[in-house]
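Asks: Just a sequence and a predicted model for now, questions to come.
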Amino acid sequence: MKVLIIGSGGREHTMAWKLKTDEPSLKLFIAPGNAGTASLGENVPIAVSKVEELTRWAEKHRPDMTFVGPEVPLCAGVVDAFEKLGLAIFGPNAKAAQLEGSKVFTKGILQKYNLPTAKGQSFTEANAAHLYSQSLGYPQVIKADGLAAGKGVLIAQTPREAAMAIHQVMVEKAFGSAGAKVLLEEFLVGREASIHVVTDGDTYRYFPVSQDHKRIGDGDTGANTGGMGAYAPAPLVDEAMLETISKTILDPLFIAFKQEGIDFRGILYAGLMLTAQGPKVLEFNVRFGDPETQVLLPLLETPLLDVARAVTEKRLAKLDLKFRKVAAVSVVMAAANYPGEPRLGDAIKGLDSVPDEMGRLVVFQAGTKKQGREIVTSGGRVLTVTAWDESLERARELAYHGVSKIQFAGAQFRYDIAAKLTAV
């Protein structure tokens, strides 16, 4: 059986690892992949943005299932293109992917169906945005409408910062066409939670709640990143809160999808703020998070391919979705200068010395490539060390033990992933 994975990060390496762990005989192709995925399958040198090239490859090779990791090909319609060829593919179509591709589109859905979210308004002209900004209060949030590689959300503490942010996005076009529209929102206060559900459009099922660590520095200091680590399950959201999220957000959202003609199938990743008034929607992503995938898939007991088939065949209600009763911790190691322009080409040492720990410790590569006999850095987030165990404390110890074995010049990582919980 042939399976294609589209993507090149730690998320996609984790998908490949999970699929091969479930079924070692699978023939895997990863486009474009990285140095880690090359050990599990065949890397295909096609960029994730090249939907036409990916479609031509799929038409020739006819994979039995395709998994799409990042948002770019989803928003560009790769699911629609593959389905036209009669190919099974796990992920939402282009219409559904607008939930991540356009923050203005998502805010419109939330407001139209009275789902709990921050007060806000969208603009296509900077002057109108400035006027609204002055009435909103501080801090406030300025969001570029389109995809901006996770960098399109700015928080302004003062009127001057708000004016500068609007100018940066709309006039200087810091995020290109993604900033043609902006969304201005009130700043929500509370605890942030990441909720992943898998859905076939009729039924949805929860994954364990995970907690990401966005800032580059310990104690949640420094610049925002794509994520410097994660752990799961996170006690932030209990069963009672999940029931509230279902009743107030997800159930009405899927009713809204039906009314809007949106056939959402795949992973819906909701960023929520747990406020004093209840959970409110910050944003939606239409794929697995990264590095959340690196802690969620090791917990998934059900074969990943079974999940994908149940979704594409719209029979998720009949699937027995099971998770292991263990805790997982992931620690990201990033390149020098990240999250700025990362330094590339540094040799990575020690990958072979990371102990297996009886199958409970894995290194998922991301920004890596083969260069001669060496594996070198080729991106900002270089790799993720993930461990799992019956206790979160032990999983954390194993993960950092793995980190200690790996070296490359300028390596950055946080020392406090899941530390608050294990210190209790």
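Replies: Nice, I can see it.
Asks: which sections of the chain are below the confidence cut-off?
Replies: The model of the chain has pLDDT under 70 over residues 422-424.
Asks: Break it down into its structural domains.
Replies: Following automatic domain parsing, the chain resolves into domains at 2-91, 125-180, 191-318, 327-422.
Asks: and L115, which of those domains is closest to it?
Replies: domain 191-318 (6.0 Å; C-beta to C-beta). For the C-beta atoms, the positions are set from N, CA and C on the backbone; glycine is no exception.
Asks: Distance-wise, check the residue nearest the centre of the chain relative to V182.
Replies: Note on the chain: the residue nearest the mean C-alpha position is G289, at 1.8 Å, using C-alpha atoms, centre = their mean. G289 sits 24 Å away from V182, going by C-beta to C-beta, to the nearest Å.
Asks: residue ranges of the strands in the stretch 1-150 of the chain, please?
Replies: Counting by DSSP state E, counting those that start in this stretch, the stretch 1-150 of the chain has strands at residues 2-7, 27-32, 42-43, 65-68, 89-90, 120-123, 140-144.
Asks: The stretch 51-200 of the chain: helices as residue ranges?
Replies: With helices called from DSSP state H, counting those that start in this stretch, the stretch 51-200 of the chain shows them at 51-61, 71-75, 78-84, 94-101, 103-112, 126-136, 159-166.
Asks: Export those helices to TSV and append columns for mean neighbour count and distance to V376.
Replies: Converted to TSV, the helices of the stretch 51-200 of the chain look like this (neighbours: other C-beta atoms under 10 Å; distance: least, C-beta to C-beta, whole Å):
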stretch	mean neighbour count	distance to V376
helix 51-61	16	26
helix 71-75	24	24
helix 78-84	20	29
helix 94-101	22	31
helix 103-112	19	36
helix 126-136	16	42
helix 159-166	18	36
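Asks: got CSV for these, with distance to Y400 too?
Replies: Output for the helices of the stretch 51-200 of the chain, formatted as CSV (distance: least, C-beta to C-beta, whole Å):
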stretch, distance to Y400
helix 51-61, 37
helix 71-75, 30
helix 78-84, 37
helix 94-101, 32
helix 103-112, 36
helix 126-136, 42
helix 159-166, 36
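Asks: Quick one: closest of these to V281.
Replies: Here helix 103-112 is closest among the helices of the stretch 51-200 of the chain (C-beta to C-beta), at 5.8 Å.
Asks: What lies in contact with the closest one?
Replies: Applying C-beta atoms under 8 Å, 6 or more residues apart in numbering, the contact partners of helix 103-112 are 98-100, 115, 117, 120, 122, 143-146, 181, 183, 185, 253, 256, 260, 281, 283-284.
Asks: Same list, the strands of the stretch 1-150 of the chain, but as JSON lines with mean neighbour count please.
Replies: Formatted as JSON lines, the entries for the strands of the stretch 1-150 of the chain read as follows, by neighbours: other C-beta atoms under 10 Å:
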{"stretch": "strand 2-7", "mean neighbour count": "25"}
{"stretch": "strand 27-32", "mean neighbour count": "21"}
{"stretch": "strand 42-43", "mean neighbour count": "16"}
{"stretch": "strand 65-68", "mean neighbour count": "25"}
{"stretch": "strand 89-90", "mean neighbour count": "25"}
{"stretch": "strand 120-123", "mean neighbour count": "19"}
{"stretch": "strand 140-144", "mean neighbour count": "25"}
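Asks: Could you export those strands as CSV, including distance to R191?
Replies: Formatted as CSV, those follow (distance: least, C-beta to C-beta, whole Å):
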stretch, distance to R191
strand 2-7, 30
strand 27-32, 36
strand 42-43, 40
strand 65-68, 30
strand 89-90, 31
strand 120-123, 20
strand 140-144, 17
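Asks: thinking again about what came up before, could the domains of the chain be laid out in a markdown table, adding distance to I109?
Replies: Formatted as a markdown table, the domains of the chain follow (distance: least, C-beta to C-beta, whole Å):
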| stretch | distance to I109 |
| --- | --- |
| domain 2-91 | 16 |
| domain 125-180 | 14 |
| domain 191-318 | 6 |
| domain 327-422 | 30 |
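Asks: returning to that earlier point: right, and the strands of the stretch 1-150 of the chain - which one's nearest E239?
Replies: Among the strands of the stretch 1-150 of the chain, strand 89-90 sits nearest to E239 (C-beta to C-beta), with 27.6 Å.
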